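S.K.: Predicted model, plus sequence, below.
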Amino acid sequence: MKIIAAILATAGALAGAPALAQQPDLTNRRLSPEDVRRVAPALEKYTQQGLYGDVWKRPGLSRRDRSLVTLATMIARNQFAPLTDYMGQALDNGVKPAEISETIVHLAFYAGFANAFGAIGPARDVFAQRGISADQLPAVSPTLLPLNEAAEADRAKRVAESFASVSPGLVKDTTDVLFNDLWLRPDLAPRDRSLVTVSSLIANGQVAQVSYHLGRAMDNGLTKEQAGEMISHIAYYAGWPNAFAAMPVAKTVFDARTK
């Protein structure tokens with residue numbers, strides 16, 4: 001009876017509080033708005049008014065893309081507890097099951113295999129709840145997208161010249177596994193791979209890698225406005241310092257493209 005009463009109370013609160021309706025799905029939150037208010041009422045205000053009432057509604061980045069950015073940020077930072085809710089939200093926002101699957105695979109290489117495995121449990125539960133079957137997931141070895149051979153040869157040459165004497169195995173795997181395989185898998189578009197890559201790098205404070213990958217993202221179709229909104233979105237999920245650490249790098253990339 002207590003559980004039923006709590007559900008009814010939550011439903012009543014939703015009906016009487018338009019601001020709360022901005023959040024994608026209050027009923028699935030691990031902590032209800034009332035739970036948060038009992039500890040940090042201002043946090044709930046910033047969540048509803050700032051995050052869900054403003055950031056998620058800004059037109060500079062679609063809700064689908066914001067879901068990809070959020071998932072990438074959480075996986076990169078080992079924030080697995082909220083993933084079940086956010087993966088469900090991602091599906092509601094138009095992210096395909098195959099794209100969630102490929103995001104996890106992709107981030108194994110950019111945030112670590114342990115982080116990717118940490119996301120498997122939440123994804124498994126959401127896929128089971130939604131009746132998502134194996135035929136909706138990417139093939140293990142699909143037909144790969146065409147390789148831009150000239151651009152990849154230039155990248156591989158520069159990396160080899162700089163680092164082959166340091167870690168030849170890493171240089172080899174970067175070419176063979178990442179850029180000649182992972183990046184060519186078709187179930188996550190190159191633009192979206194770039195989006196989740198840059199998001200994970202910023203979320204983990206790895207700004208030294210952002211310049212190359214942000215430039216690649218823009219080559220793959222990410223606009224300056226979308227990139228700027230990506231950074232502002234990440235601030236709420238990875239903290240202002242990580243977002244601001246990426247700002248000078250992003251400015252340099254943007255400026256170089258306007259000359």
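M.R.: Everything's here; your move. Being a predicted model, the structure only gives us computed values, none of them experimental.
S.K.: Gln89 is in contact with Ile100, correct?
M.R.: No. The criterion here is C-beta atoms under 8 Å, and Ile100 misses it with Gln89 at 11.2 Å. Backbone N, C-alpha and C define where each C-beta goes, glycine included.
S.K.: neighbour-wise, which of these two wins?
M.R.: Ile100 (26 against 22; other C-beta atoms under 10 Å).
S.K.: any idea which helix or strand comes after the helix or strand hosting that one?
M.R.: The secondary structure element spanning Ile100 is helix 97-110 (assigned by DSSP states H and E). For helix 97-110, the succeeding helix or strand toward the C-terminus, using DSSP H and E, is helix 113-130.
S.K.: Now tell me what touches that following helix from outside.
M.R.: Residues from elsewhere that reach helix 113-130 (C-beta atoms under 8 Å, 6 or more residues apart in numbering): 71, 75-76, 78, 80, 83-84, 87-88, 91, 97, 100-101, 104-105, 107-108, 132.
S.K.: With stretch 177-196 instead?
M.R.: Outside stretch 177-196, the residues touching it (C-beta under 8 Å, 6+ apart) are 65, 68-69, 71-72, 96, 98-99, 101-103, 105-107, 109-110, 138, 142-147, 152, 155-156, 213, 216-217, 220-222, 230.
S.K.: Narrow those residues to just the buried residues.
M.R.: With burial judged by 16 or more other C-beta atoms under 10 Å, the buried subset of the contacts of stretch 177-196 is 65, 68-69, 71-72, 96, 98-99, 101-103, 106-107, 109-110, 138, 155-156, 213, 216-217, 220, 222, 230.
S.K.: sorry, back to before: for PyMOL, what selects the buried ones among the contacts of helix 113-130?
M.R.: Only the buried entries of these go into this PyMOL selection, using 16+ other C-beta under 10 Å:
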select buried, resi 71+75+76+80+83+84+87+88+91+97+100+101+104+107+108+132
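S.K.: Could you tell me the angle between the helix or strand in which Thr197 is found and helix 113-130?
M.R.: In the assignment (DSSP H and E), Thr197 maps to helix 190-203. Here helix 190-203 runs at an angle of 120 degrees relative to helix 113-130 (axes from the mean of the first three to the mean of the last three C-alpha atoms, to 10 degrees).
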